[in-house]
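Enquirer: Return a 3D structure for these sequence lines:
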Amino acid sequence: MIIRPCKDYFSVIRIAVFPEGKLTESGDIEWSKLLLSITAFPHHFLLIWNWENSLEKLQDLGEYEALVQADKWVSEHSKTELEGYLDKATRTWNIGMILDDLGEYKEADDRFREAIEGYEIVFEKEHPHMLKSQYGQTPLSWAAGNGYDTIVNQLLVKDSIDPDLKGRGGRTPLWWAVYNGHEAIVQLLLATGNVDIDAKDEGGQTPLWCAVEKRHKAIVQLLLTTGKVDDNVRDKSGRTPLWWAVYRGHEDIVQLLLMTNKVDMNAKDEHGWTLLGWAASCGHGAVAQLLLATGKVDVDAKDERGWTPLIKAASNGYTDIVQLLLETSKVDVDVKDKDGWTPLLRAVDNGHKAIVQLLLATGKVNVNIKDENGWTPLSSAVYRGHEDIVQLLLAAGS
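Expert: Okay, the predicted model is just below:
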């Protein structure tokens with residue numbers, strides 16, 4: 001079978017045994033090749049075969065008069081004029097997606113733009129902005145991502161529209177609505193009862209993960225309220241939604257996730273970093289305090305380099321976090337990383353006088369401890385030229 005894309009539908013050009021190697025007209029598509037080019041065929045489209053017009057007649061008419069007649073037939077059978085525009089826009093978009101699947105990106109982009117114009121006519125609005133990439137998106141994903149709740153409403157009532165259909169990148173309409181912060185559309189999609197609230201994109205990120213990343217607090221609340229989301233879902237790097245909120249220092253989101261009482265407080269990412277480890281490393285004191293207040297975190301958890309939260313905070317000069325950790329009375333103040341460095345050695349080497357004072361005040365640190373290369377806190381302070389720290393160490397018995 002040979003078919004030809006014609007605006008918002010495909011027209012059958014020939015149904016016959018086609019000699020191998022025989023060229024078709026420019027722009028024609030061999031049905032067998034179309035089927036072989038994709039493993040799944042999720043896009044709805046209109047296929048028209050006008051029995052009264054032969055292949056020769058089509059070739060004789062430069063602008064394909066018979067196909068124009070078919071286009072009129074499509075319009076005449078629309079339920080209403082507005083529904084006709086909406087249907088045609090949706091069909092045009094799906095044609096674009098099929099062309100996109102075939103690698104015809106320029107032609108696909110032209111169809112996407114035509115479809116958008118159709119949507120604008122239906123709702124008498126002009127929306128000049130578009131998502132950065134339209135390739136591979138379904139009409140519903142485009143509308144959801146751009147915040148057009150009226151279009152989303154209209155599309156959702158159609159039986160032919162799958163509210164959970166994934167586009168390129170594995171992203172669903174819900175994913176796009178969440179990503180761009182369109183709370184009303186998130187509610188519309190959830191209300192259908194037909195969306196996978198934990199659907200992952202190709203990066204392993206769910207709508208909840210996305211909402212946390214973009215700091216859409218209201219949407220995070222909305223998703224958590226359903227009681228159906230996986231709070232501990234991991235992306236391909238092993239990072240959970242709570243991990244991202246901690247990393248970014250989003251205290252309000254961290255609070256929301258902790259209130260579920262379902263999150264894994266000691267989850268590690270691909271490098272072995274825990275939530276407390278990231279808070280300590282990034283200097284997010286308020287977040288560290290929230291995590292410690294749960295009483296569920298391992299304060300001495302080590303990453304792949306053997307660094308604990310205390311080593312990270314001491315090395316980076318976050319005095320408030322060092323103080324918080326010491327107040328738990330649970331941290332090992334003389335813990336060594338894989339290079340044999342303790343929190344005191346790290347603080348001394350980086351010239352963090354206030355932290356050196358805090359560590360010495362515990363009375364639990366070995367001021368003469370040596371690393372793998374024989375360096376002591378005093379030799380490191382002398383080498384770095386930290387005179388004030390040298391005095392502190394000498395006074396402590398170094």
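Enquirer: Angles on the backbone of W278, please.
Expert: Dihedral pair for W278: phi -70, psi -40, per degrees, to the nearest 10.
Enquirer: wait, what's in contact with it?
Expert: 243, 246-247, 284 (Cβ atoms under 8 Å, 6 or more residues apart in numbering). No exception for glycine: its C-beta is placed from N, CA and C like everyone else's.
Enquirer: Assess the claim that E304 and H271 are in contact.
Expert: Yes. Using Cβ atoms under 8 Å, E304 is in contact with H271, at 5.4 Å.
Enquirer: hmm, back to that, now the contacts of W278 in CSV, with secondary structure, neighbour count and distance to L344?
Expert: Below are these laid out as CSV (DSSP: H, G, I helix; E, B strand; the rest coil; neighbours: other Cβ atoms under 10 Å; distance: Cβ to Cβ, whole Å):
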residue, secondary structure, neighbour count, distance to L344
W243, helix, 26, 29
V246, helix, 29, 26
Y247, helix, 19, 27
H284, coil, 23, 23
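Enquirer: In JSON lines, list those along with distance to A144 and pLDDT.
Expert: Shown next, in JSON lines, are these (distance: Cβ to Cβ, whole Å; pLDDT from 0 to 100):
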{"residue": "W243", "distance to A144": "26", "pLDDT": "94"}
{"residue": "V246", "distance to A144": "29", "pLDDT": "97"}
{"residue": "Y247", "distance to A144": "27", "pLDDT": "95"}
{"residue": "H284", "distance to A144": "32", "pLDDT": "98"}
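Enquirer: could these go into CSV alongside distance to A199?
Expert: Converted to CSV, the contacts of W278 look like this (distance: Cβ to Cβ, whole Å):
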residue, distance to A199
W243, 20
V246, 24
Y247, 23
H284, 30
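Enquirer: Which pair in the residues you listed has the greatest spatial separation?
Expert: W243 and H284 (12.4 Å; Cβ to Cβ).
Enquirer: pLDDT wise, what is Q59 at?
Expert: If you check Q59, the pLDDT there is 48.
Enquirer: L156 now?
Expert: On the pLDDT scale, L156 is placed at 88.
Enquirer: can you pull the contacts of it?
Expert: L156 touches 140, 163, 188-189, 192, counting by Cβ under 8 Å, 6+ apart.
Enquirer: gap between G181 and L189?
Expert: Applying Cβ to Cβ, to the nearest Å, the value for G181 to L189 is 14 Å.
Enquirer: More neighbours: the two, which one.
Expert: Neighbours were counted for G181 and for L189 using other Cβ atoms under 10 Å; L189 has more, 27 against 17.
Enquirer: Just the pLDDT for the more buried one.
Expert: 96.
Enquirer: Which residue is the nearest non-sequential neighbour of D196?
Expert: D164 (5.5 Å; Cβ to Cβ, 6 or more residues apart in numbering).
Enquirer: Next: E213.
Expert: W244 (5.3 Å).
Enquirer: biggest helix in the chain by residues?
Expert: Secondary structure of the chain per DSSP state H: the longest helix is helix 81-101.
Enquirer: burial count for the closest residue to G285 other than its chain neighbours?
Expert: For G285, ignoring the flanking residues on the chain, the nearest one in space by Cβ to Cβ, 6+ apart is D320 at 4.5 Å. Residue crowding around D320 was assessed by other Cβ under 10 Å; the count is 14.
Enquirer: Helix or strand: which one has D320?
Expert: Per DSSP states H and E, D320 falls inside helix 319-327.
Enquirer: now for the helix or strand just after that helix, which elements pack on it?
Expert: Next along the chain after helix 319-327, taking DSSP H and E as the criterion, comes helix 343-349. Judged by 3 or more Cβ pairs under 8 Å, 6 or more residues apart in numbering; DSSP states H and E, helix 343-349 is in contact with helix 309-316, helix 353-361, helix 377-384.
Enquirer: which residues touch the second one?
Expert: What it means is helix 353-361. Against helix 353-361 from outside (Cβ under 8 Å, 6+ apart): 313-314, 317, 319, 322-323, 326, 333, 343-344, 347-348, 365, 367, 377, 386, 388-389, 392-393, 396.
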